[in-house]
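> No letters, just coordinates:
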């Protein structure tokens, strides 16, 4: 959390692991990478903007669209701690989204995959016609893809819901 003034205390109370102002910006600039997300208050974006070359390629740069630039520090920290993940379509209609880490159990990965599929199906626009999910492929970061039977996956999501 990159904040100043009273927002530092608010972030600590909300459970942020690391909180600071310009000192946190300096620490990240020097190569510190022991964090999974970066949240900033709007008044600190001038300082946090210097982190673009470090955070941008990793997809961690604070952004108002993703809710990581906000004065509502407690809500942002709570969402990130709960495991908030956003997904977007690329221009070919493919969703690329993480569902876990290597330390997760098979049950946790399956639950996350079901939650992602449920969110995608729920987000289907009313104007979309035809089959919405055509193919599901799971892969590690640089590994080969494994095709998943989407009919079975959608049935599992329906049972879980």
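Structure's in. What do you need? All of these numbers come straight from a predicted model, not from anything done at the bench.

> Could you give me the buried positions within the helix or strand bottoming out on mean pLDDT in the chain?
Least confident helix or strand of the chain, by mean pLDDT, DSSP states H and E, is helix 150-160 with a mean of 77. Using 16 or more other C-beta atoms under 10 Å as the test for burial, helix 150-160 gives 150, 153, 154, 156, 157. All C-beta atoms are positioned from the backbone trio N, CA, C, and that covers glycine.

> can I get the residues you listed in JSON lines with distance to residue 126?
Shown next, in JSON lines, are the buried residues of helix 150-160 (distance: C-beta to C-beta, whole Å):
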{"residue": "150", "distance to residue 126": "21"}
{"residue": "153", "distance to residue 126": "23"}
{"residue": "154", "distance to residue 126": "18"}
{"residue": "156", "distance to residue 126": "24"}
{"residue": "157", "distance to residue 126": "19"}
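
> I'd like to know which elements the least confident helix or strand of the chain is packed against.
In terms of contacts (3 or more C-beta pairs under 8 Å, 6 or more residues apart in numbering; DSSP states H and E), helix 150-160 is packed against helix 106-122.
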